[in-house]
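>>> Okay, predicted coordinates and the sequence, questions at the end:
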Amino acid sequence: MERQHILIVEDDEDIQQLVAYNLIKAGFSVACADNGNQALEKFGAEPPDLVLLDLMLPGLGGLEVCRMIRRDGAAAATPIVMLTAKGEENDIVQGLEAGADDYITKPFSPKVLVARIKAVLRRRQEADPPPTADEGAHPVIRCNDLTIDPARREVRLGNNILNLTVTEFNILYFLAARPGWVFTRQQIIDHVRGYDFTITPRAVDVQVFGLRKKLGPAGDLIETVRGIGYRYRE
């Protein structure tokens, strides 16, 4: 089985080597970039299965690198995990708003880092199931001009394919598969990220805000239930 490939974007040589060592030990193949421009070059030359991205980089910063990847057509859904010393809530929200799938602060445990990376990749695989003749388990959802296809991990609005992150797709499908049901922010967190993931309800709001923005007029299908959470309109 081909090893999953991780692009490490980190300008601190010691941290870069520590992360690379632990990921290789865990069975991944790795490539390393010292700055944002080099990261984008390596991303284009050999698209990774996941990007581990520092925010404070020389030249092109990590947030801008994240945004540029998210605008990169077919590669826009590549999972991105931010690894940074900027650990305030506003920093985390800003990172998630830029398109990150997870956010890990320094100092960090190498074992926890590897586990979180595996969890993000696992969620990506679960969101992208192989085509099957049995659509009952993962039905295509259609509402007006919006089509959500879990087998292809594809969302279409009319004739346009929307570039959603793994987390955005998971939230959308989770809600849309149960129209009319009201879910708390914590229930959404537990489903799309797993019970071992620490994230604030505010970050869920940021993800939903970004999702609605990408959906355009169809964003009204996701309704806010004041004081509770969200639901997909029947």
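Good, I have the coordinates.
>>> just checking, what packs against the one helix or strand residue 14 maps to?
Assessed by DSSP states H and E, residue 14 sits inside helix 13-25. Contacts defined by 3 or more CB pairs under 8 Å, 6 or more residues apart in numbering; DSSP states H and E place helix 13-25 against strand 5-9, strand 29-33, helix 110-127. To be clear about C-beta, it is placed using only N, CA and C from the backbone, and glycine gets the same treatment.
>>> show me where this protein has helices.
All helices of the chain, identified by DSSP state H, fall at 13-25, 36-45, 62-70, 89-98, 110-127, 166-176, 185-193, 201-215.
>>> Just the buried positions in the fifth one, please.
Looking back up the chat, that one is helix 110-127. Neighbour-count burial for helix 110-127, counted by 16 or more other CB atoms under 10 Å, picks out 113-114, 116-117, 119-121, 123-124, 127.
>>> rewinding a little: would you mind getting the angle between the helix holding residue 14 and strand 29-33?
Between helix 13-25 and strand 29-33, the angle comes out at 160 degrees (axes from the mean of the first three to the mean of the last three CA atoms, to 10 degrees).
>>> wait, what's in contact with the residue nearest the centre of the chain?
For the chain, residue 101 is the residue whose C-alpha lies nearest the centre (CA atoms, centre = their mean; 2.9 Å). Contacts for residue 101 (CB atoms under 8 Å, 6 or more residues apart in numbering) come out as 79-81, 120, 123, 165-167.
>>> Could you list the domains of this structure?
Taking automatic domain parsing as the domain assignment, the record places the domains of the chain at 5-127, 141-232.
>>> Going by mean pLDDT, which of the ones you listed comes out lowest?
For the domains of the chain, mean pLDDT drops lowest on domain 141-232, to a mean of 84.
>>> Quote the end-to-end distance of that domain.
12 Å (CA to CA, to the nearest Å).
>>> For that domain, what is the distance to the chain centroid?
12 Å (CA atoms, centre = their mean, to the nearest Å).
>>> same deal with stretch 28-40?
That offset, for stretch 28-40, works out to 18 Å (CA atoms, centre = their mean).
>>> Start at 5, not 1
Sounds good: first residue 5 from here, last item stretch 32-44.
>>> Show me the contact partners of it.
Contacts for stretch 32-44 (CB under 8 Å, 6+ apart): 7-15, 20, 24, 27-28, 45-46, 50, 52, 55, 57, 61-66, 68-69, 72-73, 121.
>>> Much appreciated, bye for now.
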